[in-house]
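> below is the sequence, then the predicted model.
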Amino acid sequence: MAIETRSPHFDNALLAPKNWGDETGIHEYFTWMRKHDPIRYVEPDGFFPFWCVTKYEDIKEIEGHRNVFLNEPRMTLAPEAELERIRALTGRKNLFRALPNMDAPDHSKYRMLAQPWFMGQKLRDFEKRVQTLASECVDRLAEHDGECDFVKDVAVWYPLRVIMEILGVPASDEARMLKLTQEVFGSSDPDSRRSLNQEGSFDSIADFNSYFRDFTAERRKHPTNDLGSEIANARVDGELLSELETNSYFVMVATAGHDTTSASSSGGLHALLTHPAEFAALKSDVDDRLPGAIEEIIRWVTPVRHFQRTAAQDYELRGKTIREGEVVTLWYHSANRDEEIFDDPFTFRIERKGPKQLAFGFGPHVCLGQHLARMEMTALFKELMNRVEHIELTAEPQYTQSNFVGGLKSMPIRYRMK
């Protein structure tokens, strides 16, 4: 992908979903910006103007000033036409009202509803079940007789089952949850979207809402010991959550709780397969090297490509003034390749030392499920290292065409079980 710094070509490059099917090309753009224009104001066709923030320390600075840079009203990049469509359909600026687009004081109140399930004793109690599900996931490899598409046949199902069990969604509904998640997060990808027009993604969200509306009603009548019941019956300031808030909470947990972990797991295996010395080093000492390998995998993949914030007041960053009301796009995908932070950032090293990756964000909005994600990936890679003797790629992997959340959508492999 050639670097063209003149508008509108450059300004549109990172927004065009098809470009995200080329990881190398995307990183060329980010590398250029980090070096030449790390705080870049862009005015892309069909989108509201915004600032591109591409460096690690700048993203941490913005994330650390939660009263200056707000999550509302814009959470992710969206075309002006789509935002107008949302307003026309709902009378609101957003389809959802969930943690990613909440600010203080609501954010902490709503975060506490689910936080006990993703850290502390409840998470430790669930660890054995995660290990069992990881073992069952690798069992799927044996069922495919030596060849499969690791993403489609294995990786997507494991974290999906984990989060569905936490929520209390029955296994019989998993395929439906996966389909809807891929339609919503991958609405810009021709292999995932429901239709060629914008209404397809709205239809998928409507189906999500319908499902969780019934789910909430059932859990309020017959509560069970799961996160789904906690959310359905939760109260904030003495009041039950509205339908919008309960549905948004469920959609957030059901989608982000598996799509990102699936992307990290499959992207991690791909990184190991294309760096055979690192793969061999991990297999030779799984227990000691796996924690570092998981962190490097998460840095390498960074499945959440960006989030947005809106300035509540003027703020100066690297000599540029971000004006009140202007939007910044935090490119985590770029921050995790920042040459000033990571030594040789385009080399995959399972024993990398130094600063922590930013794939889970930073500050009050750091990912709620980060500890569960690490637990899932640790269990899965232990199973893979201990039970699979040989793995190789059989075709070139394909990436999702999405500038928000994504990773590999296909990775055919050949393998031999021990």
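It's in.

> secondary structure element for Y415, which one?
Using DSSP states H and E, Y415 maps to strand 412-417.

> also Q313?
Assigned by DSSP H and E, Q313 belongs to neither a helix nor a strand.

> state the distance from it to H65.
According to C-beta to C-beta, to the nearest Å, Q313 and H65 sit 10 Å apart. Just so you know, the C-beta spots here come from the backbone N, C-alpha and C atoms, and that holds for glycine as well.

> rewinding a little: quick check: buried residues in the strand holding Y415?
P412, I413, Y415 (16 or more other C-beta atoms under 10 Å).

> which single one of these is nearest to Y211?
P412 (31.8 Å; C-beta to C-beta).

> residue ranges with poor pLDDT in the protein?
For the chain, the stretches flagged by pLDDT under 70 are 1-9, 185-201.

> now with 80, please.
By pLDDT under 80, the low-scoring segments of the chain are 1-11, 86, 89-95, 181-202, 204, 257.

> could you point out the helix or strand that follows the longest helix anywhere in it?
For the chain, the helix that runs over the most residues, judged by DSSP state H, is helix 243-273. Toward the C-terminus, helix 243-273 is succeeded by helix 276-284 as the next helix or strand (DSSP H and E).

> nearest spatial neighbour of R176, chain-adjacent residues omitted?
Closest residue in space to R176, ignoring its immediate chain neighbours: Y211 at 7.3 Å, by C-beta to C-beta, 6 or more residues apart in numbering.

> residue contacts, the residue lying closest to L372 once chain neighbours are set aside?
Counting by C-beta to C-beta, 6+ apart, the nearest residue to L372 once its immediate chain neighbours are dropped is F118, at 5.4 Å. Contacts for F118 (C-beta atoms under 8 Å, 6 or more residues apart in numbering) come out as L368, G369, Q370, H371, L372.

> in TSV: those residues, plus neighbour count.
Shown next, in TSV, are the contacts of F118 (neighbours: other C-beta atoms under 10 Å):
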residue	neighbour count
L368	21
G369	26
Q370	16
H371	15
L372	23
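
> which single one of those residues is nearest to E278?
Q370 (22.8 Å).

> where's the closest residue to the closest one other than its chain neighbours, which helix or strand?
With C-beta to C-beta, 6+ apart as the criterion, Q370 has its nearest non-adjacent residue at 4.4 Å, and that residue is F360. Secondary structure from DSSP H and E places F360 outside every helix and strand.

> what do you get for L380?
helix 370-387.

> which element follows that helix toward the C-terminus?
Per DSSP H and E, the first helix or strand lying C-terminal to helix 370-387 is strand 388-393.

> now do the buried residues in that following strand.
For strand 388-393, a neighbour-count test (16+ other C-beta under 10 Å) marks V388, I391 as buried.

> kindly report the same for stretch 348-362.
For stretch 348-362, using 16+ other C-beta under 10 Å, the buried residues are F348, R349, I350, R352, P355, Q357, L358, A359, F360, G361, F362.

> what's the answer for stretch 27-45, then?
By neighbour count on 16+ other C-beta under 10 Å, the buried set for stretch 27-45 is H27, Y29, F30, T31, M33, R34, D37, P38, I39, R40, V42, P44.

> and that stretch, how far apart are its ends?
Taking C-alpha to C-alpha, to the nearest Å, stretch 27-45 runs 21 Å from one end to the other.

> ok, N386 to G64 distance?
40 Å.

> over to Y56?
Y56 is 13 Å from G64, by C-beta to C-beta.

> try S410
According to C-beta to C-beta, S410 and G64 sit 38 Å apart.

> and the two? Which one has more around it.
S410 (16 against 12; other C-beta atoms under 10 Å).

> from E80, how far out is the more buried one?
Distance, S410 to E80, by C-beta to C-beta: 32 Å.

> T246 now?
Taken as C-beta to C-beta, the span from T246 to E80 is 29 Å.

> picking up where we left off before, and the contacts of F118 as a markdown table, adding distance to A281?
Converted to a markdown table, those look like this (distance: C-beta to C-beta, whole Å):
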| residue | distance to A281 |
| --- | --- |
| L368 | 32 |
| G369 | 28 |
| Q370 | 25 |
| H371 | 25 |
| L372 | 26 |
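
> which of those lies closest to E239?
Nearest to E239 among those, with distances taken as C-beta to C-beta, is L368, at 22.0 Å.

> so T246 and E80 - more neighbours on which side?
Using other C-beta under 10 Å as the criterion, T246 and E80 rank with T246 on top: 25 against 11.

> in contact with E296, which residues?
Contacts of E296 (C-beta under 8 Å, 6+ apart): A271, F348, R349, I350, R352, Q357.

> kindly recompute the last result at 6 Å.
Contact analysis of E296 by C-beta atoms under 6 Å, 6 or more residues apart in numbering lists I350, R352.

> good, wrapping up.
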